[in-house]
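> Output the structure for:
(2 chains)
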Amino acid sequence: MNLRPDPTFHPSPRLAMEAPVETLAYTLMLSPDGSQPDGLAVVNVDPDSADFGKIVHQVIMPNKGDEFHHFGWNACSSALSPLSGHAFLERRYLIIPGIRSSRIYIIDIKGGPTAAKIHKIIEPEEVFAKTGYSRPHTIHCGPEGIYVSTLGGGGPDGTDGPPGIFIMDCETFDIIGKWEIDRGVQDKHYDFWWNLPRDYMVSSEWGLPPQFENGIVAEDLMAGKYGHSIHFWDLSGRKNIQTIDLGENHQMALEIRPAHDPVKEYGFCGVVIDNTNLEGAIFTWWRDKDGVFQAKKTITIPPEAADPDDLPELLKGFSAVPPLVTDIDLSLDDKYLYVACWGTGEMRQYDVSDPMNPVFAGSVHCGGITRKTAHPSGADYKGGPQMVEISRDGKRVYWTNSLYSTWDDQFYPDGVPAAMVKADVGEGTFALDPKFFVEFPDGYRSHQIRLEGGDCSTDSFCYPSA
Amino acid sequence: MGDLMTTTAGLWLAVVFSGLYHGLNPGMGWPLAVSSALMQRNPRALYSALLALATGHFLAMLVILLPFSLMNALLAYERPLRIGAGIVVIALGLWLLITRRHPRFLARIPPSRLVLWSFVVAIVHGAALMLVPIYLGLCQVDDLEGGHQAASTLMGRNLMFTLGVAVLHTGAMLVAGGAVAIAVHRWLGLKFLTKSWFDLELLWALSLVLVGAIGVYAAW
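Numbers count the residues shown, from 1 in each chain, chains lettered A, B, ... in the order given. Okay, the predicted model is just below:
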């Protein structure tokens, strides 16, 4: 415990943007075939350091087959709300769930870049017994402690009951139990985030474990059986208050990115693929003056025509590459939305100052199923831009290239060796840094990135920027 | 310090001081008043939030003080009551000291329900209980000065004391918390929040132990 709030907690997004820039990134490494244990890489991102762009430390787990995906902090700027009385927590632990094993690791990062070590391991049996959920995924710290979304319910294939969110104690890391009191029609899960002072949560849907664990199920995709709804919740009441069906063609509504400034009552949701035309899409959702949530498609990204000979088995019949919007991230000033097009190998930058009318502002090509654009360093970049993270000041955009072990193999059968790159954002410019291409140990793929002191998809703010 | 708990002026001063102390503590809610003004983009929202916080605090004072006021008037055991109350306050202080945990159910209160939040916080953190030894001290000093009185007169007097303590304490809290909230909103900015927020929990728990101990000592 500190006697003062952690210096990385900020009342407003604007103050977070003005804080010292990150010098370290934490990147998840996963072994796609489970032959090696998964790990956490600590990457030096300080351009003035001799180790810039290098892994300076690794925490390798004691188990195999966890499949790391997303992760988060034990505490963030949300602790500055006097409502929950957690102001003196430290941003010290990374909570890393294995989505295949349902095991959860708590990593203590205190003591400098090379000191990161395992603090606690929560075994899958404990998760199952205390929550009835499995396959933990997104982590957010909030009023009731640490919130963890899951992708599966009970039973061996995770279909015994719907998946949901559970709560962990933010100091002891004990699992407390299911979060929902009334889930309404929600029966699938993926991402969630909230507006703390306005007391609402928004959640999304991917699919149930049999729909993703052994690869994408093409029949389910064409039949519209993946998730296509977003749910709005009373956060303190733990109740589903509204569900918006984006339309059955909008398959896999994944990342939820609310405006960071809590005064604004809107946000975005990325849709992976439209099964009628292979487009990727972004929906803007908002709460209207009657308190009712609305959603509207504000960005579409077309597929690119391709020779079937250049396409993996799954896509041959379409003669086209879908953009596959697998991740999105919003800068802390709520100005730029970054959209990862994992299929076409493009990172798009949209100016969303007017959230109802996004403007396509910049683009970087890197990898791609048919484009196969090399990195400007000359390094071979496999896969496409996937998990994206923006620095708090909005000037650096980092990303990795793997989506999910079995899906990687379907879309990129030649393999997706781990990569992590960075693009720099200037006045009207958006370009890859040729000097930044992180080398990972053999056999690993890379997934989510967390930045030292918080980033654009971890911290929730309780006070407006104004 | 002993004088503070044995003379009328000292006790009333303690009521005011504790009010200022509670008001300055961010954990009692002044940042929520700043947040309200910013969220609603209306400086007047700051005052309505402060009023809501003060109302909750005031009600908590009444809920805790009234039973003691009744017991004090009806029971002949004034000394045991004062000693008992002191011990309860010490016990809560020690419990807060040892556990250092936050009641998670506070997070179940919607942020819009500031009166309820302030009420519950004042109860669970012992803000209201902290006033009990002071209040009972006031009753006793008055007894010593005025001699024995009929139960009905005592009840009327105790009620006046209860209201007096609650109003004065909450008023002091409102002034202190309001001053900080207005200063942060107008001049200091949100950065002041992270700069000025100290972990008062230890101090808070020790204050409870201290007030309880003085209460017991003064009654002995």
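
> hang on, residue A:253 is in a strand, isn't it?
Yes. Assessed with DSSP: H, G, I helix; E, B strand; the rest coil, residue A:253 lies in a strand.

> Ignoring the adjacent residues along the chain, who's closest to the one residue in the stretch 251-400 of chain A that gets nearest to chain B?
Nearest to chain B in the stretch 251-400 of chain A, going by Cβ to the nearest Cβ, is residue A:263, at a distance of 5.9 Å. C-betas here are computed from N, CA, C, even on glycine. Spatial nearest neighbour of residue A:263, excluding adjacent residues (Cβ to Cβ, 6 or more residues apart in numbering or on different chains): residue A:464 at 4.2 Å.

> Secondary structure element holding the one you found?
Assessed by DSSP states H and E, residue A:464 sits outside every helix and strand.

> That one and residue A:268, how far apart?
Using Cβ to Cβ, to the nearest Å, residue A:464 is found at 19 Å from residue A:268.

> One more: residue A:22?
23 Å.

> same deal with residue A:389?
In terms of Cβ to Cβ, residue A:389 sits 16 Å off from residue A:268.

> likewise residue A:10?
Distance from residue A:10 to residue A:268, by Cβ to Cβ: 22 Å.

> what does residue B:12 give?
From residue B:12 over to residue A:268 the distance is 57 Å, taken as Cβ to Cβ.

> Report how many residues lie close to the residue nearest to residue B:194 when sequence neighbours are not counted.
Of all residues not flanking residue B:194 in the chain, residue A:5 sits nearest, at 4.9 Å (Cβ to Cβ, 6+ apart). Neighbourhood size, residue A:5 [other Cβ atoms under 10 Å in any protein chain shown]: 26.

> same check, this time on residue A:301
Counted with other Cβ under 10 Å, residues neighbouring residue A:301 total 22.

> Now it. Its backbone dihedrals?
phi -120, psi 120 (degrees, to the nearest 10).

> what does residue A:229 give?
Dihedral angles (degrees, to the nearest 10) for residue A:229: phi -130, psi 150.

> Just list whatever residues bridge to it.
Under DSSP bridges, the beta-bridge partners of residue A:229 are residue A:245.

> any idea how far it lies from chain B?
Between residue A:229 and chain B the computed distance is 25 Å (Cβ to the nearest Cβ, to the nearest Å).

> Read off the pLDDT value for that residue.
For residue A:229, the model assigns a pLDDT of 98.

> Enumerate every residue touching residue 63.
This is for chain A. Shown in contact with residue A:63 (Cβ atoms under 8 Å, 6 or more residues apart in numbering or on different chains): A:37, A:98, A:101, A:103.

> actually it's chain B I care about, not the one you picked
B:119, B:123, B:128.

> any idea which element it lies in?
Using DSSP H and E, residue B:63 falls in helix B:44-74.

> Against which helices or strands is the next helix or strand after that helix packed?
Next in sequence after helix B:44-74, counting helices and strands by DSSP H and E, comes helix B:78-99. On a contact count with 3 or more Cβ pairs under 8 Å, 6 or more residues apart in numbering or on different chains; DSSP states H and E, helix B:78-99 meets helix B:44-74, helix B:132-146, helix B:201-219.

> switch the cut-off to 6 Å
helix B:132-146, helix B:201-219 (3 or more Cβ pairs under 6 Å, 6 or more residues apart in numbering or on different chains; DSSP states H and E).

> Between those helices, which one is closest to chain A.
helix B:201-219 (7.7 Å).

> what's the angle from the strand or helix carrying residue B:17 to helix B:132-146?
Using DSSP H and E, residue B:17 sits in helix B:8-24. Helix B:8-24 runs at 160 degrees relative to helix B:132-146, counting by axes from the mean of the first three to the mean of the last three Cα atoms, to 10 degrees.

> Which parts of helix B:8-24 count as buried, going by neighbours?
For helix B:8-24, burial by neighbour count (16 or more other Cβ atoms under 10 Å in any protein chain shown) applies to B:10-12, B:14-16, B:18-24.

> Check which residues of the helix or strand of chain B with the lowest mean pLDDT are buried.
Lowest on mean pLDDT, DSSP states H and E among the helices and strands of chain B sits helix B:132-146, with a mean of 79. For helix B:132-146, a neighbour-count test (16+ other Cβ under 10 Å) marks B:132, B:133, B:134, B:135, B:136, B:137, B:138, B:139, B:140, B:141, B:142 as buried.

> count of residues packed around the nearest residue to residue A:361 once chain neighbours are set aside?
Of all residues not flanking residue A:361 in the chain, residue A:351 sits nearest, at 4.5 Å (Cβ to Cβ, 6+ apart). By other Cβ under 10 Å, the residues close to residue A:351 number 14.

> can you check residue A:414 too?
Quick note: residue A:414 (other Cβ under 10 Å) scores 10 neighbours.

> Could you report the distance from it to residue A:403?
Counting by Cβ to Cβ, the gap from residue A:414 to residue A:403 is 14 Å.

> Residue A:18 now?
Distance of residue A:18 to residue A:403, given as Cβ to Cβ: 34 Å.

> okay, those two: which has more neighbours?
residue A:403 (27 against 12).

> Look at the more buried one and give its secondary structure.
Residue A:403 ends up coil, using three-state DSSP.

> check contacts around it.
A:326, A:342, A:386 (Cβ atoms under 6 Å, 6 or more residues apart in numbering or on different chains).

> what do you get if the cut-off is 8 Å, keeping everything else the same?
A:326, A:342, A:383, A:386, A:411, A:416.

> same check, this time on residue A:118
With contacts defined as Cβ under 8 Å, 6+ apart, the neighbours of residue A:118 are A:59, A:61, A:62, A:105, A:106, A:107, A:108.

> Sort out which of the contacts of residue A:403 are in helices and list them.
Members of the contacts of residue A:403 lying in helices (criterion: DSSP state H): residue A:411.

> ok, so of the contacts of residue B:63, who is nearest residue A:423?
residue B:119 (50.8 Å; Cβ to Cβ).

> Run a quick neighbour tally on that closest one.
Neighbour count for residue B:119, taken as other Cβ under 10 Å: 23.

> Wasn't it part of a helix?
Yes. Counting by three-state DSSP, residue B:119 falls inside a helix.
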